[in-house]
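1. here's my sequence, what's the structure:
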Amino acid sequence: MIYTVTFNPSLDYVVQMERLTPGEINRTTVEHVYPGGKGVNVSVVLSNLKVKSRVLGFKAGFTGDNLEHMLEKFGCDTDLILLKDGFTRINVKINAGEETEINGQGPFIGEDDLKNLYVKLDLLKEGDILVLAGSIPGTLPSDVYEQIMCRLQGRGIRFVVDATKDLLLNVLKYRPFLIKPNNHELGEMFGRNLEDEDEIITHAKKLQSMGAENVLVSMAGDGAILAAENGEIYKSRPPKGKVVNSVGAGDSMVAGFLTGWLNTGDYKKAFQLGIAAGSASAFCSWLAGREEIEALLKEPA
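-> Okay, here's the model as predicted:
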């Protein structure tokens, strides 16, 4: 079973408008409400690809109830912990020629709430996959990813971590199965700008030497690079298409990679499905479905 953890999930209010003019009344042309959060996105795309996962995390208030109901409609299993106060945050995503985001703070998560999450995580068993994705809310310890992985290490659980800089570097000692920085985040970890593929590959291998088994580096319009644990380096340009919404593309890539690896055990095929899933979501107004992903997968490389 795949489990995803999203500490601060959201309802995403996604709108399009011809232009955004600060200080004036702006009218939308298209609007949607979707469940949001990096781990949530991974679970939704896994469900679209017919792979079962369970969403772990926290919910609060009427927005939390709506989030859970929406996830269930998308075919996701949910096991969210109800918080006493506040409400699950609402994030506003505005596409008006360029993308603008206004993200809410989210509810307070206390020590007892975190302990309740640990109780659920303790039920994971050998062969399960745990996806830890996104930032850590300010009410939680900054090393909570480390705490979780330390608690579960040695039990045959594969960890997938999609986080930035120190949050990612600090968990490498627990040998995560997969990490997914983008090229800019990879450079930030080493205090430099990575100018070409050779530099990206060199630094991806450095992360492997520090503990990561597989390093998947997304590069937006330049595609992606995978440094696999079998010693191979896989590179691919993205399929051709118009980018509509970049939110969730990286999470879709993680879901595609995991689906491909679980179905075939082949890193090249996993990488190819990851590229197709990430690109398909970038070409959609939200997260891509199975048909959109499989259509890109069939395109010649």
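2. ok, which stretches of the stretch 201-301 of the chain are strands?
-> With strands called from DSSP state E, counting those that start in this stretch, the stretch 201-301 of the chain shows them at 214-218, 224-227, 233-236.
3. in CSV, list the C-alpha atoms belonging to the second one.
-> As requested, C-alpha coordinates have been extracted for strand 224-227 and formatted as CSV (Å, rounded to 0.1, in the frame of the first residue of the first chain):
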residue,chain,number,x,y,z
ALA,A,224,13.8,15.4,-16.4
ILE,A,225,16.8,13.3,-15.3
LEU,A,226,16.8,10.2,-13.2
ALA,A,227,19.9,8.9,-11.4
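4. elements contacting that strand?
-> In terms of contacts (3 or more C-beta pairs under 8 Å, 6 or more residues apart in numbering; DSSP states H and E), strand 224-227 is packed against helix 197-209, strand 214-218, strand 233-236, helix 267-282. In this view, the C-beta of every residue, glycine as well, is placed from N, C-alpha and C.
5. nearest to Gly248, of those?
-> helix 267-282 (5.2 Å; C-beta to C-beta).
6. buried ones in the closest one, by neighbour count?
-> 267, 269-282 (16 or more other C-beta atoms under 10 Å).
7. same check, this time on stretch 57-69
-> In stretch 57-69, counting by 16+ other C-beta under 10 Å, buried: Gly57, Phe58, Lys59, Ala60, Gly61, Thr63, Gly64, Asn66, Leu67, Glu68.
8. and for stretch 119-127?
-> Lys120, Leu121, Leu124.
9. in helices, which of these appear?
-> Among those, the residues falling in helices (DSSP state H) are Lys120, Leu121.
10. let's have the buried residues of stretch 119-127 in TSV, adding pLDDT.
-> Output for the buried residues of stretch 119-127, formatted as TSV (pLDDT from 0 to 100):
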residue	pLDDT
Lys120	97
Leu121	97
Leu124	97
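11. of the buried residues of stretch 119-127, closest to Glu213?
-> Leu124 (18.1 Å).
12. so where does Leu117 fall, helix or strand?
-> helix 111-121 (DSSP states H and E).
13. contact partners of the next helix or strand along the chain from that helix?
-> Downstream of helix 111-121, the next assigned helix or strand under DSSP H and E is strand 129-133. For strand 129-133, contacts defined as C-beta atoms under 8 Å, 6 or more residues apart in numbering pick out 1-6, 37-39, 41-42, 53, 121, 124, 145, 148-149, 152, 157-163, 171, 177, 251, 254, 258.
14. return the subset of those lying in helices.
-> Using DSSP H, the contacts of strand 129-133 in helices are Lys38, Gly39, Asn41, Val42, Leu121, Tyr145, Ile148, Met149, Leu152, Asp251, Val254, Leu258.
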